[in-house]
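Asker: 3D, please:
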Amino acid sequence: MIRLTGEMREAFANALAEGAPALLATASAACVPDVAFKGSLIVWDDEHLAFWERSHGRTLRNIAENPHVCVHFRNAGRRLSWKLFGRARLIRTGDLREQIMAQTPEAELRQDPERRGIAVLIAVDEVRQGGETIMTRD
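Answerer: Predicted coordinates:
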C-alpha cells in the first residue's frame, strides 16, 4: 500500500528552501535517460506527488513519450533519502492544473510569470529507503 507520510510531505515542502530540491529521472520512448532538479515537487496526497513543469524541455518530452519516472529525494541535513517510482501524467488545463500551480513554491512561479507551465501528477507505485522497498502499490 502506498501511503506517503507526513514526514515526506514536510520534507518535500521545505526541500527548495533548504537547498535540497528533488531529482526527477525520466526516459524517452527510445530509453534515453535524463535527470533534472525539480524544486516544485510536493506530496500531493497519500499516493501522488506533483510538480510544476515550467521548462518545456526534455522532462516534458520524455513524460509525454514514457510516463515511468523516478524521484530521488535526499536532504543530508535532515538525514532523509527516498526513491519514489511511479507514472507521471501531464495536466495542461483544468482545475487540477490550477490546484497544483497554487501549491507551487513562489520561487518556482517567479520563473514562469506568464504561468505557461504544465502540472504533472505522479502516481507512486513504489517507495524505497536505504535500498529496501518500504511501500508498494497493491
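Asker: helix or strand right after the lowest-mean-pLDDT helix or strand in the chain?
Answerer: Every helix and strand in the chain was compared by mean pLDDT, DSSP states H and E; the lowest is helix 106-109, with a mean of 90. Going down the chain from helix 106-109, the next helix or strand is strand 118-129, by DSSP states H and E.
Asker: buried sites along that next one?
Answerer: For strand 118-129, burial by neighbour count (16 or more other C-beta atoms under 10 Å) applies to 118-124, 127-128. In short, each C-beta sits where N, CA and C put it, glycine included.
Asker: do stretch 94-113 as well
Answerer: By neighbour count on 16+ other C-beta under 10 Å, the buried set for stretch 94-113 is 97, 100-101, 104-105, 108-109, 112.
Asker: start and end of that stretch, how far apart?
Answerer: 19 Å (C-alpha to C-alpha, to the nearest Å).
Asker: now do it: distance to the chain's middle.
Answerer: 13 Å (C-alpha atoms, centre = their mean, to the nearest Å).
Asker: just stretch 80-100 next, same as before
Answerer: Taking C-alpha atoms, centre = their mean, one finds stretch 80-100 lying 6 Å from the centre of the chain it belongs to.
Asker: now what about that stretch, what contacts it?
Answerer: Residues from elsewhere that reach stretch 80-100 (C-beta atoms under 8 Å, 6 or more residues apart in numbering): 7-8, 11, 26, 44, 49-53, 60, 63-64, 67-75, 118-130.
Asker: so where's the chain shaky on pLDDT?
Answerer: Scanning the chain for pLDDT under 70 picks out nothing.
Asker: need the residue closest to the centroid of it.
Answerer: Closest residue to the average C-alpha location of the chain: residue 41 at 4.1 Å, with C-alpha atoms, centre = their mean.
Asker: surely that one is in contact with residue 71?
Answerer: Yes - with contacts counted by C-beta atoms under 8 Å, residue 41 reaches residue 71, the gap being 6.4 Å.
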